[in-house]
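1. Dropping the sequence and predicted coords here.
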Amino acid sequence: LGDKIGTAFALEEATAFVTGNGTGKPKGFLTYAAGTTNPGQIEQIKTGVDGDLGAAPDAGDVLINALYSLKQQYRANAAWFMNRATTSRVRKAKDSDGAYIWQPGVAAGQPATLLGYPVAAFEDMPNPATGSLSIAVGDMRAAYQIVDRQGIRTLRDPYTNKPYVLFYSTKR
């Protein structure tokens, strides 16, 4: 039961960290305004192709522009974040010589890299589509702080709905 509750909380939290509105849940990093001039804004870079990365070498150019738009302190520990539909498209992107820009991990347990930076799966990121924010790059540890106060608490209630036992779980 504890594993199932933990998994349910983790799935809900993952969605909130990406797309949450900040009401009764975290504000997701994709819900911040576009821009760089004010605090609380996140820079968004357009690919120039409606709902896609573009053909070689344009796809690589867009990703390079996104990566190097980061300040050095955020690029040093940066990673790429995308869902599996986006990963599928990015894995097929090639440079002007026809070589893939995606590099699989060279050893077991090593992450794949894109332009030398690790790639993390965020299944709650949107699929590539018109106006979608399908790829994120940056140092999430510097941009987003998650604090787990008490872990998961479960209350067993054998009295309210006899002969059934109810469980109430909370997390802060």
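-> Structure received. Numbers count the residues shown, from 1 in each chain.
2. What is the least confident helix or strand in the chain?
-> Using mean pLDDT, DSSP states H and E, strand 41-42 stands out as the lowest-scoring helix or strand of the chain, at a mean of 79.
3. Now the helix or strand following it - C-alpha only, CSV.
-> Note on strand 41-42: by DSSP states H and E, the next helix or strand toward the C-terminus is helix 58-68. The C-alpha coordinates for helix 58-68 follow below in CSV (Å, rounded to 0.1, in the frame of the first residue of the first chain):
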residue,chain,number,x,y,z
ASP,A,58,18.3,23.7,-38.4
ALA,A,59,17.2,21.4,-35.6
GLY,A,60,20.7,21.3,-34.1
ASP,A,61,21.0,25.1,-34.5
VAL,A,62,17.8,25.7,-32.5
LEU,A,63,19.0,23.4,-29.7
ILE,A,64,22.4,25.1,-29.7
ASN,A,65,20.7,28.5,-29.5
ALA,A,66,18.6,27.3,-26.5
LEU,A,67,21.7,25.9,-24.7
TYR,A,68,23.9,28.9,-25.1
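4. Now do the buried residues in the next helix or strand along the chain from helix 58-68.
-> Using DSSP H and E, the next helix or strand after helix 58-68 towards the C-terminus is helix 72-75. Neighbour-count burial for helix 72-75 flags residue 74 (criterion: 16 or more other Cβ atoms under 10 Å). The C-beta positions use only the backbone N, C-alpha and C, and glycine is treated the same way.
5. going on from helix 72-75, what's the next piece of helix or strand?
-> Next element after helix 72-75 (DSSP H and E): strand 79-82.
6. and that following strand, what does it pack onto?
-> strand 117-121, strand 136-138 (3 or more Cβ pairs under 8 Å, 6 or more residues apart in numbering; DSSP states H and E).
7. Please state the offset of that strand from the chain centre?
-> Averaging C-alpha positions (Cα atoms, centre = their mean, to the nearest Å) puts strand 79-82 6 Å from its chain's average.
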